[in-house]
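Visitor: Build me a structure from this.
(one chain, ligands or ions: 1)
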Amino acid sequence: MCGIFGYVGSRTATPILLDGLRTLEYRGYDSAGIYIPGHALIKAVGPIDNLAAKITTAIPGTSGIAHTRWATHGAPTEANAHPHTDMSGAIGIAHNGIIENFRELREGLVVQGIKFESETDTEVLAKLIGTFYSGNLLEAVKHALINVRGTYGIAVISKYKPDEIVAARMGSPIVLGIAADGNFVASDPSALLVHTKDVVYLNDGECALISKNKYQVFTLRGKKLDKTPEKVQWNVEAVQKQGYEHFMLKEIFEAPEVIVNSTRGRLLVGKGRVKLGGLESKLKALSNLKRLMIVGCGSAYYAGQVGRYMIEEYAGLPVEVELGSEYRYKKNLPDKNSAVLVVTQSGETADTIASLRSAKEQNLLTLGIVNVVGSTIARETDAGVYNHAGPEVAVASTKAFISQLTVFVLLTVFLGRERGMTEAEGKQILKELDELPKVLEEYLKQTDKIKAVAKKYAKYTDAMFIGRKFHSPIASEGALKLKEVTYIHSEAFAGGELKHGSIALLDKDFPVIALAPQDDVYKKIISNIEEVKARKAPVLAISTEGDMTIADLADDVLYIPKVHPILQPIITTVPLQLLAYYVGVEKGLNVDRPRNLAKSVTVE
Ligand code: F6R
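Guide: This is a model prediction of the structure:
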């Protein structure tokens with residue numbers, strides 16, 4: 001939430017900052033702004049393009065900071081847009097996070113005669129830094145931060161010494177990019193890829209001073225830290241559209257490649273086993289596990305629910321699944337036979353981080369399924385598995401969700417083989433998982449029908465998704481995708497739940513998307529479709545190839561290939577993602593940047 005980008009070097013800063021912001025736009029697009037010390041402070045409401053349109057003449061200056069905002073404190077107005085400045089207007093700050101004690105700090109500053117122009121918590125920090133400035137920006141920032149309660153990732157620059165940027169982190173990600181012709185600061189390494197793959201991640205409580213040829217990292221108390229750059233593994237193509245109209249479509253079509261990357265080097269098909277290097281150090285604890293608690297938010301939570309069905313059925317381990325925003329209210333007792341597994345694409349979701357930390361307080365073993373290498377959660381869990389899905393740019397999660405399901409299959413076999421899963425079963429699952437990218441690749445060649453179906457369903461204002469067992473959480477994921485990308489009111493229910501109340505909603509204008517692959521609950525979901533049809537609701541069914549029963553029953557059918565039941569939810573997800581995408585496009589919406597959302601939810 002909110003993206004920060006800063007540059008100090010020998011090139012003109014403005015175009016570099018605008019390009020950096022564009023890569024970070026998924027983090028929020030309520031407003032954007034840049035500060036080139038001594039030259040310009042420009043802000044605009046709305047996406048980066050609005051800011052770029054305001055920059056009509058070349059701005060000199062080879063350093064600056066920039067920000068793209070997801071509003072928390074104060075409406076998305078120009079006054080509330082970052083960067084904010086101190087009283088003198090010389091010091092600028094771009095901030096991601098929330099300063100919790102900003103009201104008391106503000107009152108104290110007002111008493112000193114300091115005037116405010118915005119409603120934001122960030123401006124309070126800017127003014128505070130200004131009051132502590134006496135020739136050394138790093139010292140002023142450190143001093144101010146010691147007075148602050150809350151979360152922040154910040155980049156600060158001043159016109160007194162424009163060739164220096166101060167960055168600091170507490171709870172919101174900050175990464176430095178180290179390059180030959182200048183240095184960078186950003187909220188996410190993906191924004192740095194066009195410039196450098198050498199990065200330095202800041203930890204909570206650390207700050208950095210960066211100039212053209214040098215970076216230094218300190219603790220807030222002033223201790224100098226020796227941090228050497230790490231290499232980012234992602235390629236720059238991953239953050240470019242490469243001919244696709246939208247990132248969302250590109251990322252849906254990357255599903256086969258994502259499965260290849262998530263499984264690379266991990267499938268020991270001949271032995272029916274899985275190699276997960278990140279979990280090897282915890283093998284003993286994992287063999288003794290009596291309960292696994294999966295925690296995540298949004299799509300990651302639904303992936304966790306699918307994971308529960310997989311692990312319980314095939315690995316025989318009891319699993320509970322909790323929302324990141326609720327887990328923290330659960331009474332957790334120290335238990336050496338339980339582990340908490342957090343699932344997260346970004347590795348920076350505030351509620352998931354809070355859950356992880358609360359599990360750590362109880363000394364529970366903490367594991368992660370994380371996509372972003374070097375993220376907070378990747379670093380704070382005891383052990384884990386990386387998704388290797390590459391950077392996901394569209395706000396709605398698609399390829400990351402597919403990779404989360406894939407990793408859950410790996411984890412199921414990994415745990416299952418220690419708990420009674422036969423070699424034959426392990427081999428069968430892994431053989432089919434190995435073949436899955438090809439199956440999906442073929443399937444993705446024939447998705448034109450989804451476009452036509454989307455045209456029809458785009459005219460409705462409501463939709464209900466139903467599924468059972470593995471496909472109950474997939475129904476939730478389908479509904480989430482449709483609502484976030486198309487703004488159609490969408491709900492999801494386990495098929496059996498309909499008759500307990502929700503069926504009252506249905507009529508001829510309330511379509512039902514029924515997930516009905518031919519699995520062991522097929523007959524039950526067919527009964528649910530019958531119930532729905534009796535209420536005259538239009539039915540769009542997703543079923544496996546060759547199913548003629550459903551063709552007679554549903555108004556529309558999208559066929560998918562039939563695969564092993566543990567893999568079926570991976571396939572079923574794809575037409576739901578494409579449905580949401582094509583309905584959004586049909587409605588003329590910005591599918592990559594849905595309203596009110598941001599990709600990385602770093603506020604609780
Ligand atoms: C939905 C979506 C969100 C995220 C959720 C968790 O399309 O993208 O629901 O899944 O915000 O994010 P991560 O996985 O980064 O923790």
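Visitor: For the stretch 251-400 of the chain, what lies in contact range of the ligand?
Guide: 297-300, 344-346, 349, 352, 396-397 (Cβ under 6 Å from any ligand atom). Just so you know, the C-beta spots here come from the backbone N, C-alpha and C atoms, and that holds for glycine as well.
Visitor: swap that for the stretch 501-604 of the chain, please
Guide: The interface of the stretch 501-604 of the chain toward the ligand, taken as Cβ under 6 Å from any ligand atom, is made up of 600-601.
Visitor: Taking the stretch 501-604 of the chain, what residue is nearest to the ligand?
Guide: Across the stretch 501-604 of the chain, no residue is closer to the ligand than Val601, which sits at 4.7 Å (Cβ to the nearest ligand atom).
Visitor: now do the chain
Guide: When you check the chain against the ligand by Cβ to the nearest ligand atom, the closest residue turns out to be Gly298, at 1.8 Å.
Visitor: Can you get me a residue count around that residue?
Guide: Applying other Cβ atoms under 10 Å, we find 24 other residues in the vicinity of Gly298.
Visitor: ditto for Val521
Guide: When neighbours are counted by other Cβ under 10 Å, Val521 registers 22.
Visitor: Report the contact partners of the closest residue to it other than its chain neighbours.
Guide: With Cβ to Cβ, 6 or more residues apart in numbering as the criterion, Val521 has its nearest non-adjacent residue at 4.1 Å, and that residue is Arg468. For Arg468, the contacting residues are 494-496, 515, 521, 524-525, 528, taking Cβ atoms under 8 Å, 6 or more residues apart in numbering as the criterion.
Visitor: if we can go back for a sec, residues in contact with the residue of the stretch 501-604 of the chain closest to the ligand?
Guide: When contacts are counted by Cβ under 8 Å, 6+ apart, Val601 touches 1, 297-298, 346, 349-351.
Visitor: so what pLDDT did it get?
Guide: For Val601, the model assigns a pLDDT of 79.
Visitor: tell me the secondary structure for it?
Guide: Under DSSP: H, G, I helix; E, B strand; the rest coil, the three-state class of Val601 is coil.
Visitor: Test my guess that Val521 contacts Ala494.
Guide: No - Val521 is beyond contact range of Ala494, at 10.0 Å (criterion: Cβ atoms under 8 Å).
Visitor: quick revisit: with the contacts of Val601 in mind, say which one has the least confidence in the model.
Guide: Lowest pLDDT among those: Met1, 70.
Visitor: that older thread, by neighbours, which of the residues of the stretch 251-400 of the chain next to the ligand wins?
Guide: With neighbours taken as other Cβ under 10 Å, the top of those is Thr344, carrying 34 neighbours.
Visitor: just checking, that one touches Gly368?
Guide: Yes - between Thr344 and Gly368 a contact is recorded at 7.1 Å, counting by Cβ under 8 Å.
Visitor: between those two, what contacts are shared?
Guide: Where contact means Cβ under 8 Å, 6+ apart, the residues bridging Thr344 and Gly368 through contact with each are Ile377.
Visitor: Near Asp556, how many other residues are there?
Guide: Counted with other Cβ under 10 Å, Asp556 comes out at 17.
Visitor: now swap in Asp520 and tell me
Guide: Using other Cβ under 10 Å as the criterion, Asp520 is surrounded by 10 other residues.
Visitor: ok, it - contacts?
Guide: Under the criterion of Cβ under 8 Å, 6+ apart, the contact partners of Asp520 comprise 469, 565.
Visitor: Look up how far Ile4 lies from it.
Guide: 49 Å (Cβ to Cβ, to the nearest Å).
Visitor: The contacts of Val601 in helices, which ones?
Guide: Applying DSSP state H to these, the entries found in helices are 298, 350-351.
Visitor: picking up where we left off before, show the pLDDT at the residue nearest to Val521.
Guide: 98.
Visitor: Quick check: it vs Asn387, distance?
Guide: Counting by Cβ to Cβ, the separation of Arg468 from Asn387 is 27 Å.
Visitor: Check Val563 too.
Guide: Taken as Cβ to Cβ, the span from Val563 to Asn387 is 20 Å.
Visitor: Residue ranges of each domain in the chain, please.
Guide: For the chain, the domain assignment from automatic domain parsing gives the residue ranges 3-234, 241-440, 446-592.
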